[in-house]
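Chemist: Return atomic coordinates for the entry below.
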Amino acid sequence: MIYNYWYVVSALVLCAVLAGVLFVLVRRRRRMDLGAAVRAVALDAEHRVLVPNGMGGQIEIEHLLLTAYGIVVVDTKHFEGMIFGSDRMDEWTVMTKNRRFTFPNPQHALYDRIAAIRRLVRDIPVHGHVVFSPLANFSKGRPKEVLLANEFVEHYRKPDRAEIERIKADFWPYWAEIKASIESLAPRGR
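Modeler: Okay, here's the model as predicted:
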């Protein structure tokens, strides 16, 4: 009878460990969704680059994408939990089960990055977004230019192959001009 008890306890402990490992793997997979979202929409991309800011300096851009809709500047945020922020707030708040912290409103830097790219190429559309993890929740409303990873992919979905070739022909000279103006930074995890 005692042996059966230990078998049951061992089986429960093993199930708890496996559930914990599965939970961690699922969370890691969801974190990686931001990189996958960026790759899913880009016809070509540059990551972690410095771009002239038009005032004699440079500004860092995390992801610069050539898409079917023009150039897209992307900042990614790997935050999970409830996020409270608005267009006018200087600090946004993240609340999880275990902690609460703030971070600077990412829109201000995003708008500077978009302006830097628009200075380089004036004749094609330039967009920008702050893309959050699918685990982020904006329950009190979402600020402008903020998308979750799945919404970002849906918004900038790649067209069919024939359309891609036409778009590349239209946008490639501008993209080449941008690429000639940027400076790559050391590789970092995407």
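
Chemist: Not counting its own residues, what contacts stretch 125-132?
Modeler: Outside stretch 125-132, the residues that touch it by Cβ atoms under 8 Å, 6 or more residues apart in numbering are 34, 37-38, 69-77, 79, 83, 106-107, 110-111, 113-114, 117-118, 145-149, 152. Every residue, glycine included, has its C-beta placed from N, CA and C.

Chemist: Quick one, which of these are buried?
Modeler: 34, 37-38, 69-77, 79, 83, 106-107, 110, 113-114, 117-118, 145-149, 152 (16 or more other Cβ atoms under 10 Å).

Chemist: What about the residues you listed, which are in strands?
Modeler: Judged by DSSP state E, the subset of the buried ones among the contacts of stretch 125-132 located in strands is 70-77, 83, 146-148.

Chemist: Beta-bridge partners for residue 132, please?
Modeler: Taking DSSP bridges as the rule, residue 132 bridges to residue 77, residue 148.

Chemist: gap between it and residue 63?
Modeler: From residue 132 over to residue 63 the distance is 14 Å, taken as Cβ to Cβ, to the nearest Å.

Chemist: and residue 40, what does it touch?
Modeler: Here residue 40 is in contact with 153, 158 (Cβ under 8 Å, 6+ apart).

Chemist: Try it again at 6 Å.
Modeler: Contact analysis of residue 40 by Cβ atoms under 6 Å, 6 or more residues apart in numbering lists residue 153.

Chemist: any idea which element it lies in?
Modeler: helix 2-41 (DSSP states H and E).

Chemist: So what's the gap between stretch 102-122 and the chain middle?
Modeler: 14 Å (Cα atoms, centre = their mean, to the nearest Å).

Chemist: For the most centrally placed residue in the chain, which non-adjacent residue is closest in space?
Modeler: For the chain, the residue nearest the mean C-alpha position is residue 76 (2.9 Å; Cα atoms, centre = their mean). In this structure, residue 76 finds its nearest non-sequential neighbour in residue 34, 4.4 Å apart by Cβ to Cβ, 6 or more residues apart in numbering.

Chemist: you'd agree the one you found is up against residue 148?
Modeler: No: under the criterion of Cβ atoms under 6 Å, residue 34 is not in contact with residue 148, lying 9.6 Å apart.

Chemist: three-state assignment of residue 88?
Modeler: coil (DSSP: H, G, I helix; E, B strand; the rest coil).

Chemist: for it, phi and psi?
Modeler: With angles defined as degrees, to the nearest 10, residue 88 sits at phi -100, psi -10.

Chemist: Tell me which residues touch it, please.
Modeler: Residue 88 touches nothing, counting by Cβ under 6 Å, 6+ apart.

Chemist: where's it relative to residue 139, distance?
Modeler: Taking Cβ to Cβ, one finds residue 88 at 18 Å from residue 139.

Chemist: low-confidence ranges in this protein?
Modeler: The model of the chain has pLDDT under 70 over residues 1-3, 9, 11, 18-32, 186-190.
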